[in-house]
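1. I'll drop the sequence and a predicted model, then ask my questions.
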Amino acid sequence: MASSTAALRELQRDLENKANDLSKLQKDVAKNHQVRKKYTIQLGENELVLKELDLLREDANVYKLIGPVLVKQDLAEARANVRKRIEYISAELKRLDATLQDLEDKQKSKQETVLKLQQRIQSFQAGKGKA
Amino acid sequence: MEEQMQKRGTVTSLASLFPPEETHKASERVQNAISERWEHLGQLKKFIADNANLINLVQTLPNELHHNIMVSFGKAAFFPGKLIHSNEFMVLLGEGYYAERTSKQTIEILKRRGKILDCQVESLKAEIQDLKAEASFFYATAAEAKDGLVQIVEDYVEETYAHDVSEPGMSETDSARSFKDEKSGIKVDDEEFKRIFSIMDELEKEEEAENATEDEEDEKNEDDSGPSIDRAQEVESSLVKDSNLLSVHKDESSDGKAPVLNKSTLTEKALELPRNKETVQAPAMSGKEAFTGSIVEHTQNLESSQMEQSSTRGSKPVSRFKLRRQ
């Protein structure tokens, strides 16, 4: 009887650890989601800017706000810059997606282990209840 | 995902009391998400209103050469000023980029932005709809869990555990098991398929071998008269009558001399060599219809193909099937 309770303790401690790991993973995933959201918003904004820049006529004056001053910029240059930025952000998004996938896979496997542990504890308790 | 985890956690501590609460929590969480979306929607609506106001303002500004306004001096004070160049705007495009635009151009930009905002609102509404469905689902499960709980209390504990806890997990394992079953079934099928395919392969090989010998013979017979002529022949068989009739008509129209005689020879002509027909058609060709040209071409083809056909058919009847295939 004593040994079984000790085993149960052990199992519960194990479960606690696993649950902690899982919650950590979940936090990571949430953080990743947030970053991803930010990037998607930026991507949207950049695409908007690019669309507007493409709609501008070649002789239009374009400025960029750098710190407190507006610096006049070449339209072609501005377009190139924005395009680069979009590329960069898309690449970043892809990278984030990959890491997110990885994290979610990990989370899933952790969840499964936790579930198994729980079931073992449950069966343990049930067995004791019967006895 | 989180809900499941927590559900399991509570189940370990105290068997069957918690699940309904947990489902309630889950539905609450979805509700929170919905309210978040609503907030976002409100924000977007405000943006849209702002945008409309701005469009209005930009539209009216160039009506005057200058406006008397109060210029803010920091946060502390205002002083009277004059707004000039009322048709020049510096529009923030985003990401720190500004462009010099006129009022009209500015309005265009703003309208485009308004459209994008509208799109966002639409998608947000759809999202809210989805979340609402999810929430109702959670509520339903919560209610069910509650009902289930009452029943289970009357039963013994083991089953309550099995019933309550394994609900989320069960579906996974069930699906996994069924998947395995499917797999094994597929395996059996695969074996059968393999056998069938091997038989088919053998048959195909035999056929190919046969075909190869046939091909050799056929090629000897056919020489350079390719499949095109074979096909042409097929078309011809249907066209022969037409062309004959047509030629007769032509004769009637162009010559007008002895249509009866031509008609009487019609059957003869059909049986005769096409070369004969060509001579008949020659006057018609010089006439108006352009269609006759194509018929002449066909008849020439027919001539060669008929000869070809007779040679091939005479030598090897087996290849007829192959001919048709080509």
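-> Yep, that arrived.
2. Count the residues that sit near residue A:80.
-> Burial of residue A:80 is recorded as 12 neighbouring residues (other C-beta atoms under 10 Å in any protein chain shown). Quick note: C-beta positions are derived from backbone N, CA and C, even for glycine.
3. Surely residue B:87 forms part of a strand?
-> No - using DSSP: H, G, I helix; E, B strand; the rest coil, the assignment for residue B:87 is coil, not a strand.
4. Tell me, how many residues neighbour it?
-> For residue B:87, the neighbour count with other C-beta under 10 Å is 14.
5. mind listing what it touches?
-> Residues counted as contacts of residue B:87 (C-beta atoms under 8 Å, 6 or more residues apart in numbering or on different chains) are B:61, B:62, B:102, B:103.
6. can we see that at 6 Å?
-> Neighbouring residues of residue B:87 by C-beta atoms under 6 Å, 6 or more residues apart in numbering or on different chains: B:62, B:102, B:103.
7. And for residue B:106?
-> B:58, B:89, B:91.
8. thinking again about what came up before, mind putting the contacts of residue B:87 into TSV with secondary structure, neighbour count and pLDDT?
-> Listed next are those as TSV, based on DSSP: H, G, I helix; E, B strand; the rest coil; neighbours: other C-beta atoms under 10 Å in any protein chain shown; pLDDT from 0 to 100:
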residue	secondary structure	neighbour count	pLDDT
B:62	helix	16	91
B:102	coil	13	92
B:103	helix	18	93
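9. Specify which member of the residues you listed is nearest to chain A.
-> Nearest to chain A out of the contacts of residue B:87 is residue B:102 (C-beta to the nearest C-beta; 10.3 Å).
10. Please report phi then psi for the closest residue to the closest one other than its chain neighbours.
-> Leaving aside its sequence neighbours, residue B:102 sits nearest to residue B:87 (C-beta to C-beta, 6 or more residues apart in numbering or on different chains; 5.4 Å). Backbone torsions for residue B:87, taken as degrees, to the nearest 10, come to phi -120, psi 20.
11. quick one, strands of the stretch 1-150 of chain B?
-> Per DSSP state E, counting those that start in this stretch, the stretch 1-150 of chain B carries strands over the ranges B:67-73, B:77-83, B:89-94, B:97-101.
12. from these, which stretch is densest packed?
-> strand B:97-101 (a mean of 21; mean count of other C-beta atoms under 10 Å in any protein chain shown).
13. Closest to chain A out of the contacts of residue B:106?
-> Of all the contacts of residue B:106, chain A sits closest to residue B:91, with 8.2 Å by C-beta to the nearest C-beta.
14. tell me which element the most centrally placed residue in chain A is part of?
-> Nearest residue to the geometric centre of chain A (C-alpha atoms, centre = their mean): residue A:32, 1.9 Å. Using DSSP states H and E, residue A:32 maps to helix A:2-55.
15. Summarise which helices and strands that helix is packed against.
-> Judged by 3 or more C-beta pairs under 6 Å, 6 or more residues apart in numbering or on different chains; DSSP states H and E, the packing partners of helix A:2-55 are helix A:75-130, strand B:89-94.
16. Distance from the longest one to the middle of the chain?
-> Spelled out, that is helix A:75-130. Chain-centre distance of helix A:75-130: 7 Å, with C-alpha atoms, centre = their mean, to the nearest Å.
17. and that helix, what other elements does it pack with?
-> Short answer (3+ C-beta pairs under 6 Å, 6+ apart): helix A:75-130 packs on helix A:2-55, helix B:2-13, helix B:157-222.
18. Run the angle between that helix and strand B:89-94 for me.
-> For helix A:75-130 against strand B:89-94, the angle by axes from the mean of the first three to the mean of the last three C-alpha atoms, to 10 degrees is 40 degrees.
19. as a whole number, average confidence for helix A:75-130?
-> Averaged over helix A:75-130, pLDDT sits at 90.
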